[in-house]
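Participant: quick one, what's the 3D model for this:
(one chain, ligands or ions: 2)
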Amino acid sequence: MTSTAHSPAELLHRLRARTSASPVTHVEQIPAREGRTAPWPSWASADVIAALTAQGIARPWEHQATAASLAAEGHHVVVATGTASGKSLAYQLPVLSRLHDDPRATALYLSPTKALAADQLRAVARFGLDGVRPATYDGDTSREEREWIRQNSRLVLTNPDMLHHGLLPGHSRWATFLRRLAYVVVDECHAYRGVFGSHVAHVLRRLRRLAARYGGSPTFVLASATSGDPADAASRLTGLPVRAVTTDASPRGATTFALWEPPLLPPEDPFEDTPPTRRSALSETADLLADAVAAGTRTLAFVRSRRGAEVVATMTRRALDEVVPGLGDRVAAYRAGYLKEDRRRIERALLSGELLALASTNALELGVDLVGLDAVLICGYPGTRASLWQQAGRAGRAGGEALAVLIARDDPLDTYLVHHPSALFGRPVETTVLDPSNPYVLGPQLCCAASEAPITATDLALFGGDAARAAVDGLTASGALRRRPSGWYWTHPGRPDVDLRGAGGAPVSVVEASTGRLLGTVDQTSSHVMLHTGAVYLHQGVTYLVDELDLEDAIALVHQEEPDWTTQARDVTDVSVLGVRSYVDAGPVGLFLGDVEVTSQVVSYQRRRIGSGEVIDTRPLDLPVRELRTVAVWFTVSPRALDAAGVEPPDVPGALHAAEHAAIGLLPLIATCDRWDIGGLSTANHVDTEAPTVFVYDGHPGGAGFAERAYATAAAWLSATREAIAACACEAGCPACVQSPKCGNGNNPLHKPGAVQVLGTVLAALRSAGHSGSA
Ligand SMILES: [Zn+2]
Ligand SMILES: [Zn+2]
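Facilitator: Ligands and ions are numbered 1, 2, ... in the order given. Sure, this is the predicted structure:
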């Protein structure tokens, strides 16, 4: 059962046949594409070409040859083509040719994940080139190995975090390597977006500055998934002029892409007027995955959350074992946070065909070159069209046809998309957003740079010109830097403590108390919600209960248990306004953009019965308050206007809360962010605004540009929100309109008709104030 006789159309037919309702809202046929090859470039090393030919590559695809030749000529270049289009060859050819022909030259390879760097190491080792001595250099590398690598390796594979924490601060020991640095490869560079991307942009500038000090001037070769304006994004990332190669010349099989809305469930009590609910996207995905496996189809299901991936894998295994005992063993879960050995084992099993299906988080979106899958199930819109295509691109063996299915979650954005296919197909993908001038990134990064070597006046242009000058002056005034005639100096004995991922604090290790076995890790921020004492935690389909979360030692002790309840954390959030950047005075309505401080604390959790969702009890928790300074967009509506719109005073809190949830749900349509990047708060009377107010804020310190985008396009954003709520068939609110999966108040209170009235009032006032804000 390792191959399938089913065409995508047959498989889709088979999947739809399992339900009497019609869950498919749209089918898009994406045609096949012929491949175009080019001759091997004349400058390429004969030994490198021989190694590639031995691996079965007769000739490069046109885009590979074009990008490789640009790089060999010394142009900075980004190759931005689809999944499995062979982007690695575009940098392997010039880099390995150079290392082979010039026995002194060195190169640095950067990837966003350790797994991908390990993968590249194996690929480069297959070339068997003498004297290159490629090596991965990351958190797992021992002290002795590090010393050897610095002395001997000419191709170092690492990640931006290691560059930031290890290599750049210790640059004097890397002097020879940096002086001879010919190439810097930045793989999967679309991963560097938002605040993380802005940090990485400065890490690369710090690298360029130090290399230049030692006399090195490397050529940058970047590889990206398809994105809106790759030359511009790569140029912002590196600070250099970058040429883009975007015409994908690799062959592609036809793809059938279906949009799928899970069917409505039969009412629990036909005599009671209960709101209709849909099957959950997780159950639906698990069923589709089981059907696909039973048909012998190699399938990958992408699930948004780690927990979701575990749940889908478990449900699929159970369903398969009921049909053919043992068949469930051919399905596994896969996500970041698994230990390296576990991930390797899973990857090997999928490649060999021992596993037929995986339920994965987007850890696989970046990782390993998995080919030969017949179908991809995408459980919930992944937030951007770029990610959607990246995930769908995993399906399709060489030349074969493939099936991709997007399964809508019960969520306003997903519901909107499966009914508006034109918002997905035939539209350009988003531009990767990053902003190196974010003051919360620029200041700390300038401190890092100064601690590595004093910043000179000429360096300021590299770090952003006027913004960098202003930041340096601020840091000098606060005493972090000291100005001397030769430049700005870092004044403290230690190095600045700066975390690129902005997650704050070390990841929490999940350890089985009885055996001491390390199960995986969870970042600090999520640990309050996922690993609080008493939480139910899933790992590879096994259920654990958390005995204790120790934040000081960043460890959660768990034991295996199968309770018949789930847990949901509750939090208390407060927003205070620090300053207003811009506002629209629309009479009874005010629209604002400004700086806020958000404090939040997970205070308790509910235990809910599996199946019925009935609340068993609520238990208190003692977790510290978290503080976040960020950017928010907010609107206020006068109580009189609410009254005139027909919102009764007791309904005001529920109406605002419902409008807040839906507005957050629809923001990704406009701001290309993720619902989970955004937070919100609504209140019938806020102490700073002295009015009924809805806040929507960036979940990252200093903001990531999402609230700004929401403010600029407020009319379009809020009218899409109003339309989504008003068009929902439910009566009192459901997850497809005003309920939120991340609500810290358990979705209470919510008043659906009130939300429509609130948004109507806001939109009318903005219109008469002349604020159009088109998307
Ligand atoms: Zn609804
Ligand atoms: Zn809420």
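Participant: the stretch 551-700 of the chain: helices as residue ranges?
Facilitator: Ranges of helices in the stretch 551-700 of the chain, per DSSP state H, counting those that start in this stretch, are 639-644, 652-671.
Participant: same question for the stretch 1-150 of the chain.
Facilitator: 8-16, 46-54, 62-72, 87-101, 114-125, 143-152.
Participant: so which of these comes closest to residue 260?
Facilitator: helix 8-16 (8.4 Å; C-beta to C-beta). Every C-beta, even on glycine, is put in place using the N, C-alpha and C of the backbone.
Participant: give me the buried stretch members for that closest one, please.
Facilitator: 8, 11-12, 14-16 (16 or more other C-beta atoms under 10 Å).
Participant: out of those residues, the closest to residue 36 would be?
Facilitator: Using C-beta to C-beta, those come closest to residue 36 at residue 8, 24.5 Å.
Participant: once you drop chain neighbours, what's closest to the closest residue to ligand 2 within the chain?
Facilitator: Here the chain gets closest to ligand 2 at one residue, residue 743, 3.3 Å apart by C-beta to the ion. Among residues not flanking residue 743 along the chain, residue 661 sits closest, at 6.8 Å (C-beta to C-beta, 6 or more residues apart in numbering).
Participant: what's the local residue count around that neighbour?
Facilitator: By other C-beta atoms under 10 Å, the residues close to residue 661 number 29.
Participant: do the same with residue 354
Facilitator: Neighbour number of residue 354 under other C-beta under 10 Å is 14.
Participant: any idea of the mean pLDDT in stretch 289-304?
Facilitator: Averaging pLDDT along stretch 289-304 yields 91.
Participant: span of it from start to end?
Facilitator: 16 Å (C-alpha to C-alpha, to the nearest Å).
Participant: tell me the contacts of whichever residue of the stretch 451-600 of the chain sits closest to ligand 1?
Facilitator: Proximity to ligand 1, evaluated over the stretch 451-600 of the chain using C-beta to the ion, is greatest for residue 568 at 20.2 Å. Residue 568 sits next to 605-606, 608, 746 when contact means C-beta atoms under 8 Å, 6 or more residues apart in numbering.
Participant: are any of those residues buried, and which?
Facilitator: Going by neighbour count (16+ other C-beta under 10 Å), the contacts of residue 568 have 605-606, 608 buried.
Participant: keep only these that also lie close to ligand 2.
Facilitator: The subset of the buried ones among the contacts of residue 568 within reach of ligand 2, by C-beta under 5 Å from the ion, is empty.
Participant: that older thread, list the ones among the contacts of residue 568 that fall in strands.
Facilitator: 605-606, 608 (DSSP state E).
Participant: where does the chain come near ligand 2, residue by residue?
Facilitator: Within the chain, the positions near ligand 2 by C-beta under 5 Å from the ion are 743, 745.
Participant: next structured bit after the helix-or-strand element of the chain with minimal mean pLDDT?
Facilitator: The least trusted helix or strand in the chain, going by mean pLDDT, DSSP states H and E, turns out to be helix 363-366, with a mean of 54. Tracing the chain past helix 363-366, the next element assigned as helix or strand by DSSP states H and E is strand 375-379.
Participant: so in that sheet, which strands flank that following strand, and in what orientation?
Facilitator: Here strand 375-379 is paired, per DSSP bridges, with strand 299-303 (parallel), strand 402-407 (parallel).
Participant: show me the contact partners of the first one.
Facilitator: Spelled out, it's strand 299-303. By C-beta under 8 Å, 6+ apart, the surrounding residues in contact with strand 299-303 are 282, 285, 288-289, 292-293, 309, 311-312, 316, 356-362, 364-365, 370, 373-380, 382, 391, 394-395.
Participant: quick one: it to helix 8-16, angle?
Facilitator: Relative orientation of strand 299-303 and helix 8-16, computed by axes from the mean of the first three to the mean of the last three C-alpha atoms, to 10 degrees: 60 degrees.
Participant: my read: residue 442 touches residue 205, true?
Facilitator: No: under the criterion of C-beta atoms under 8 Å, residue 442 makes no contact with residue 205, lying 10.6 Å away.
Participant: okay, and the common contacts of these two?
Facilitator: Common contacts of residue 442 and residue 205 (C-beta under 8 Å, 6+ apart): 436, 463.
Participant: and residue 386, how far from residue 286?
Facilitator: In this view, residue 386 and residue 286 are 26 Å apart by C-beta to C-beta, to the nearest Å.
Participant: neighbour-wise, which of the two wins?
Facilitator: Each of residue 386 and residue 286 has its neighbours counted (other C-beta under 10 Å); residue 286 has more, 27 against 22.
Participant: between the buried ones among the contacts of residue 568, which is closest to residue 525?
Facilitator: Of all the buried ones among the contacts of residue 568, residue 605 has the smallest distance to residue 525: 16.5 Å, by C-beta to C-beta.
Participant: how close does that closest one get to residue 528?
Facilitator: In terms of C-beta to C-beta, residue 605 sits 10 Å off from residue 528.
Participant: shared neighbours of these two, which are they?
Facilitator: residue 569.
Participant: mind listing the helices for the stretch 351-500 of the chain?
Facilitator: Under DSSP H, counting those that start in this stretch, the stretch 351-500 of the chain gives helices at 363-366, 385-392, 412-419, 439-452, 459-462, 466-477.
Participant: packing partners for the third one?
Facilitator: Same thing as helix 412-419. strand 24-30, strand 255-260, helix 652-671, helix 714-727 (3 or more C-beta pairs under 8 Å, 6 or more residues apart in numbering; DSSP states H and E).
Participant: now the ones you listed as CSV including mean pLDDT and distance to residue 572?
Facilitator: CSV is the format used below for those (pLDDT from 0 to 100; distance: least, C-beta to C-beta, whole Å):
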stretch, mean pLDDT, distance to residue 572
strand 24-30, 93, 39
strand 255-260, 94, 37
helix 652-671, 89, 14
helix 714-727, 90, 25
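Participant: tell me the most buried of these?
Facilitator: helix 652-671 (a mean of 26; mean count of other C-beta atoms under 10 Å).
Participant: residue 302 bridge partners, please.
Facilitator: Those that pair with residue 302 in a beta bridge, by DSSP bridges, are residue 360, residue 378.
Participant: burial count for it?
Facilitator: For residue 302, using other C-beta under 10 Å, the count is 30.
Participant: which bits of the stretch 501-650 of the chain sit near ligand 1?
Facilitator: Close to ligand 1, as judged by C-beta under 5 Å from the ion, the stretch 501-650 of the chain has no residues.
Participant: so where's the stretch 501-650 of the chain shaky on pLDDT?
Facilitator: Low-confidence segments of the stretch 501-650 of the chain (pLDDT under 70): 502-506, 540-541, 611-613.
Participant: tell me the mean pLDDT for stretch 472-489?
Facilitator: Average pLDDT, stretch 472-489: 95.
Participant: swap that for stretch 101-117, please
Facilitator: Stretch 101-117 shows a mean pLDDT of 91.
Participant: only alpha carbons, please: show it as PDB.
Facilitator: The C-alpha trace of stretch 101-117 is given here as PDB (Å, rounded to 0.1, in the frame of the first residue of the first chain):
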ATOM      1  CA  ASP A 101      38.400  26.400  -7.000                       C
ATOM      2  CA  ASP A 102      39.700  28.700  -4.200                       C
ATOM      3  CA  PRO A 103      41.100  26.500  -1.400                       C
ATOM      4  CA  ARG A 104      41.100  29.600   1.000                       C
ATOM      5  CA  ALA A 105      37.500  30.900   0.400                       C
ATOM      6  CA  THR A 106      34.900  30.300   3.100                       C
ATOM      7  CA  ALA A 107      31.000  30.500   3.100                       C
ATOM      8  CA  LEU A 108      28.300  30.800   5.700                       C
ATOM      9  CA  TYR A 109      24.900  29.100   5.300                       C
ATOM     10  CA  LEU A 110      22.000  30.400   7.400                       C
ATOM     11  CA  SER A 111      18.600  28.700   7.900                       C
ATOM     12  CA  PRO A 112      15.800  29.500  10.300                       C
ATOM     13  CA  THR A 113      15.800  26.000  11.800                       C
ATOM     14  CA  LYS A 114      18.500  23.600  13.000                       C
ATOM     15  CA  ALA A 115      16.700  20.800  11.200                       C
ATOM     16  CA  LEU A 116      17.100  22.500   7.800                       C
ATOM     17  CA  ALA A 117      20.800  23.200   8.400                       C
END
